[in-house]
Structure formats: structure tokens, C-alpha cells
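> Could you work out the structure for the sequence below:
(chains A, B, C and D)
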Protein chains: 2
Amino acid sequence: MCERPHRCHARFRNFGYKLTLPRKVILDVLRKAKKHLSAEDIYLKVYKIYPHVGLTTIYRTLEILTNIGMVKRYDFGDRRARYELVSETREKHHIHLVCLNCCKIIGYSDFTDEEIKIFDSLKENLSEKNSFDIKYHQFSYHGLCNKCK
Amino acid sequence: MCERPHRCHARFRNFGYKLTLPRKVILDVLRKAKKHLSAEDIYLKVYKIYPHVGLTTIYRTLEILTNIGMVKRYDFGDRRARYELVSETREKHHIHLVCLNCCKIIGYSDFTDEEIKIFDSLKENLSEKNSFDIKYHQFSYHGLCNKCK
DNA sequence: TTAAGTGCAAATATTTTGCAATGAG
DNA sequence: CTCATTGCAAAATATTTGCACTTAA
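Reported below is the predicted structural model:
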């Protein structure tokens, strides 16, 4: 979806939002990072390219991006949200390994067919049993990374 | 583990902590609620029984309880932590359904043997591939509950 | 031209900390 | 008795909002 800037920008514009310089820079930072950045991480990176930017704009842009589904927001338990650009190439089943000590985050989506089948049927099951309209899921494993253990 | 007050209290004392009145009341509230309460939820419930309590004490007690493994802390994305007493009777695989609108939380642990097998092997796999020492996991599905959809 | 977008400062919300007073063991 | 625990007030942290100025389309 957002591998190349034009696509990324076009998609944003298609939702009726103006493509301003701060937003361009935020999208570029997200596209390059492809990691789980906090609002402040993004602010600091954007600041280097475009120092006039305010943290408010980062939050407001992230909210838009989250709402239109271009960005996914995660809460890994350290009381600050982290954001990741959604990519078409990324698997829809996606798990995070979070280090309890250094907060390093590893993404994993290399699932077997069997695992995917189970995930899908579980979701189906949960939707039905609880009459929930499930929009997305968030799976994470928490522990200590190789450096911290 | 904490079905009965004495057990619950004894276990707490066994970790070398003094069993004070505020802590007793907090444990009782947690034991009765068996839901996912925020610090403030707990504060309000404790306040009814023991109005002299301060919110600080709630936070400090919850930190202790989380550290000694009697309580599990969750971040469901609404920027406030929620706490749940860990019970021996509760399944070790435990998933939450979170309503994006009203924040209602449903716990689910009625898994098939096949599902449990997959979860266990996945965890094993992730530990090895990333040399992570996995302590716990947190799986949640997010969507709209029957009332909100 | 003009509504959408911006930065700043101030507000909010949640959680944490310093400190003197208190109370469990 | 003595040190862990407490409540209060203040601080810290992350995020949101009001408002006048700016800018993309």
C-alpha cells in the first residue's frame, strides 16, 4: 500500500485530506521506519527534517491515519501508544514480541497454514459466541529479549 | 489461588508484605470483582468500604500485586491500565474481547485442545527463533459488542 | 478564496514521587 | 519499638483542546 511515497500520499489525499508538508514528512518517517514508533519518536524524526512542526500535529495526523486504516495503533503496556504504517505486504496475522526490560519490539508473521486456520476459526467462534463484530486483533508475547535476559 | 480471603491474604503476607487495612480492602474488592478494573474503579469501590484511602495506595498496592504475580495488568488501548486478580482456576490461555465503543471486556478461555496445542507450539517457536524468554502473552480481539454494533 | 490545517500554550488524564505522619508486627 | 506503609500535595508523562494564524487546493 505505502511502499512508495506517491501511493502513500495519493491514498491519503483520496480520503479528502490535504497533503501538507508536515503530513508528508510524517508519512515519510512512518514509511521509512516501519517500526513501532511512539508519537514522540515520530516527532523527533520529523523535527530533524522539518523543525517547525509541533507535537500536536503529529498526534492529529496519527489520529487521521489510524481512522482511515493506514496506521495501526498498539498499546504494549508501557503507557504510550505506538504506531505502525499498515502495509499490504504485511501479513494480516501479525504478532509482537515485546521485551519487558528494554521495550524492543519484534514483529512476527511467519505462520504455518495450520496456525492461520486456527486463528481464523477462533475469531469466527468468538464473534459468534459473543455476538461481537471483531474489527482487528492484537496478539503479543511479553518477556525478555536475548540482550536483557 | 485467591478464592477465599484467608488464602489471598496469607499469600500476600508470605511475600513479606504487611497486611494493612487498605490492602485488605483492595484485595477483597479485586477478589469480588473478578473483572478488569481500572485503578480508579478500584479506588471508588475501596472508598465505599474504607473512605480514608488514597488513590496512591491503590497504585502502590497494585504494583506490588502485579510484581508478585497475584494480579495481571492489561492495556487495552484506552490509555488506562486495568487489573485482574490471577486465579488458579482460570485457564492459562486467556483471550479478551474488547468493545471499541463502550470498552466492555469479555474474557474467554474455552479453547479446544487443538487450539491450545497450537498456542503452545507457537510460543515455543517464537522463543527459539528470537531467543526470547517469554513470560506471558496478551491476546485480544477488538470490535463492537452486541449493544454497540 | 476559504475551509482545513497549523503551532502554541494551556488543559486533561493517568500515574508517580517526596515527605512527614502512622501503624503492623 | 521500628521500619514499612500511608495520605496528601506536587510532579511527571502522555495526550487533547482552544484559538488565532496559515496554507493547500
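
> what's the lengthiest strand in chain A packed up against?
What stands out as the longest strand in chain A, according to DSSP state E, is strand A:133-144. Contacts defined by 3 or more C-beta pairs under 8 Å, 6 or more residues apart in numbering or on different chains; DSSP states H and E place strand A:133-144 against strand A:71-75, strand A:95-99, helix A:113-129, helix B:113-129, strand B:133-144. Any C-beta I mention is one placed from the backbone N, CA and C, and that applies to glycine too.

> Just put the ones you listed in CSV and tack on mean neighbour count.
Shown next, in CSV, are the helices and strands packed on strand A:133-144 (neighbours: other C-beta atoms under 10 Å in any protein chain shown):
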stretch, mean neighbour count
strand A:71-75, 18
strand A:95-99, 22
helix A:113-129, 14
helix B:113-129, 14
strand B:133-144, 18
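
> Tabulate the ones you listed (a markdown table), appending mean pLDDT and distance to DNA strand C.
Shown next, in a markdown table, are these (pLDDT from 0 to 100; distance: least, C-beta to the nearest atom of the strand, whole Å):
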| stretch | mean pLDDT | distance to DNA strand C |
| --- | --- | --- |
| strand A:71-75 | 92 | 11 |
| strand A:95-99 | 87 | 17 |
| helix A:113-129 | 91 | 26 |
| helix B:113-129 | 91 | 27 |
| strand B:133-144 | 88 | 15 |
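
> Of all the ones you listed, which one is nearest residue B:84?
strand B:133-144 (11.6 Å; C-beta to C-beta).

> partner strands of the closest one, parallel or antiparallel?
strand A:133-144 (antiparallel), strand B:95-99 (parallel) (DSSP bridges).

> Those: which one's closest to DNA strand D?
strand A:133-144 (15.2 Å; C-beta to the nearest atom of the strand).

> Report the angle between the closest one and strand B:71-75.
Calculated by axes from the mean of the first three to the mean of the last three C-alpha atoms, to 10 degrees, strand A:133-144 forms an angle of 120 degrees with strand B:71-75.

> Measure how strand A:133-144 sits relative to helix A:113-129, angle-wise.
Using the same axes, to 10 degrees: strand A:133-144 against helix A:113-129 is 130 degrees.

> Extract the C-alpha set from strand A:133-144 and format it as PDB.
Extracted C-alpha coordinates of strand A:133-144, given in PDB (Å, rounded to 0.1, in the frame of the first residue of the first chain):
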ATOM      1  CA  ASP A 133     -18.300  -7.600  15.400                       C
ATOM      2  CA  ILE A 134     -14.500  -8.100  15.500                       C
ATOM      3  CA  LYS A 135     -12.500  -5.400  13.700                       C
ATOM      4  CA  TYR A 136      -9.000  -6.400  14.500                       C
ATOM      5  CA  HIS A 137      -6.900  -8.300  17.000                       C
ATOM      6  CA  GLN A 138      -3.700  -7.700  18.900                       C
ATOM      7  CA  PHE A 139      -1.600 -10.600  20.000                       C
ATOM      8  CA  SER A 140       1.600 -10.100  21.900                       C
ATOM      9  CA  TYR A 141       4.100 -12.100  23.800                       C
ATOM     10  CA  HIS A 142       6.000 -10.400  26.600                       C
ATOM     11  CA  GLY A 143       9.300 -11.400  28.100                       C
ATOM     12  CA  LEU A 144      13.000 -10.800  27.900                       C
END
